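**Q** Need a 3D model of the following:
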Amino acid sequence: MKFTLLATAPLGLESVVAREVRQLGYETTEVDNGRIIYEADDLGISRSNLWLRAADRVMMILGEFPATTFEELFEGTKALPWSELLPIDARFPVEGRSVKSQLSSVPACQAIVKKAIVANMQEKFHQEWFDETGALYSIEVSIHRDIATLAIDTSGSGLHKRGYRTLTGPAPIKETLAASLVMLSRWEPHRPFADFLCGTGTIAIEAALLALRIAPGSFRSFASEDFAFMDKKAYQEAREEVADLADYTRKTTILASDIDPAAVRMAQTHAVRAKVSEHIDFRVLPAAEFYSKEQYGCVVTNPPYGQRLGDDKEVRILYEQMRGIMKVMPTWSFFVLSAHPDFTRFFGKKADKNRKLYNGRIECHLYQYLGPLPPRHRESQDALT
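**A** Reported below is the predicted structural model:
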């Protein structure tokens, strides 16, 4: 059976997720405003949840229709094939949001959708009350410019919850954003990689997962694994593919360091859980002392913006130290995510490119300093910037 899927993405990362979807073999039909829409079957749902590194969730769209009144919302929702998808004991909580629409009360919209789904199921199952003790089918109603979209969440927990990060340090970066930064860089596993402000290790670990072709969803389960209408063999087949493609013997150089010993210990613990500890060289080291003799490497890092350090003086010193690293490693490329409004002034060099992204709700820019590519691989590089 074919389904219309919606991979959600933070603003600014739609092209990254769209590229991932296409690499999985699915053609996108819409890429805009945090939405990547494509058609796929049960196996496609399974593969999307297991492999998408930058997406927030994978939703299954049941329908879209105009809804300027509660009656239109009720009737449009009730007409969708809920009873064909939800078993009689399904748990189906309803989440909602409304943007630039006449139906602006989200709690009221959620209640109307819930009532309409129950009415649909009452006609099918001929009973008035549903205990909701079975598998979870989270429903989302999204109303944008008076168009309602009804969807079922196939992921469960957000896809950033890989399962390996069990310890929390200061100002952690989401795994999905960390993976996006790696993919937005021009790094490939034959080149060295570094994060000299690694914190609890998320960027370095996501780089290692990418290098070793380890699916980011390898260590967790998904809500749709329990969906009654899903082919039970779909996830089994997708996980067999994951196991076949992973290459734990692949050689790559990944360096990760931080001045905080506690943070580095947490990073090492996370790397063990992600099964990539043997591929990352962790060190306790001040950023100013970082140096590598390797050539044509790639730094991807998320330094403090000012929120994580006391004041601009400390931030300025750190950014100046980072500029010093670039000067002594001229063949390396640097990709720096920062929300500090004076980053380029403190760093001392204008970026070749920059891209607006969001770290949670914090508006940031990914400053891209593009070093030379390795001569033998120049033609094979495919930058996403």
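
**Q** Tell me which stretches of the stretch 1-150 of the chain form strands.
**A** Secondary structure of the stretch 1-150 of the chain (DSSP state E, counting those that start in this stretch): strands located at 3-8, 28-32, 35-40, 57-66, 94-99, 139-144, 147-153.

**Q** partner strands of the longest one, parallel or antiparallel?
**A** On the basis of DSSP bridges, the sheet neighbours of strand 57-66 come out as strand 3-8 (antiparallel), strand 147-153 (antiparallel).

**Q** Over to the shortest one?
**A** For strand 28-32, sheet partners with direction are given as strand 35-40 (antiparallel), following DSSP bridges.

**Q** Where does the prediction get shaky in this structure?
**A** Applying pLDDT under 70 to the chain flags residues 171, 306-311, 377-385.

**Q** List the buried residues for the longest helix along it?
**A** Longest helix in the chain, counting residues (DSSP state H): helix 106-125. Neighbour-count burial for helix 106-125, counted by 16 or more other C-beta atoms under 10 Å, picks out 109-110, 112-117, 120-121. Using the backbone N, CA and C atoms, a C-beta is placed for each residue, glycine as well.

**Q** I figured I205 hits K275, correct?
**A** No - when contacts are counted by C-beta atoms under 8 Å, I205 is not listed as touching K275 (9.9 Å).

**Q** Looking at the two, which is more packed in?
**A** Taking neighbours as other C-beta atoms under 10 Å, I205 and K275 compare with I205 leading, 32 against 18.

**Q** which element is the more buried one on?
**A** helix 202-211 (DSSP states H and E).

**Q** Quick one: list the elements packing against that helix.
**A** Under the contact definition 3 or more C-beta pairs under 8 Å, 6 or more residues apart in numbering; DSSP states H and E, helix 202-211 sits against helix 175-184, strand 193-195, strand 254-258, helix 261-273, strand 280-284, strand 298-301.

**Q** What is the burial count for L366?
**A** L366, neighbours per other C-beta under 10 Å, totals 23.

**Q** Ok, D131 next?
**A** If we define neighbours as other C-beta under 10 Å, then D131 has 9 of them.

**Q** Equivalent analysis for V284, please.
**A** In terms of burial, V284 registers 13 neighbours under the definition other C-beta under 10 Å.

**Q** Once you drop chain neighbours, what's closest to F229?
**A** Nearest non-adjacent residue to F229, counting by C-beta to C-beta, 6 or more residues apart in numbering: L85, 5.1 Å away.

**Q** And that neighbour, how far from W187?
**A** Using C-beta to C-beta, to the nearest Å, L85 is found at 41 Å from W187.

**Q** Just want to know which of these two has more residues nearby.
**A** Using other C-beta under 10 Å, the more surrounded residue of L85 and W187 is W187, with 26 against 17.

**Q** helix, strand or coil for that one?
**A** coil (DSSP: H, G, I helix; E, B strand; the rest coil).

**Q** mind listing what it touches?
**A** Residues in contact with W187 (C-beta atoms under 8 Å, 6 or more residues apart in numbering) are 193, 207, 298, 300, 333.

**Q** hmm, back to that, so which of the helices and strands packed on helix 202-211 is nearest Y164?
**A** Counting by C-beta to C-beta, Y164 lies closest to helix 261-273 out of the helices and strands packed on helix 202-211; the figure is 4.0 Å.
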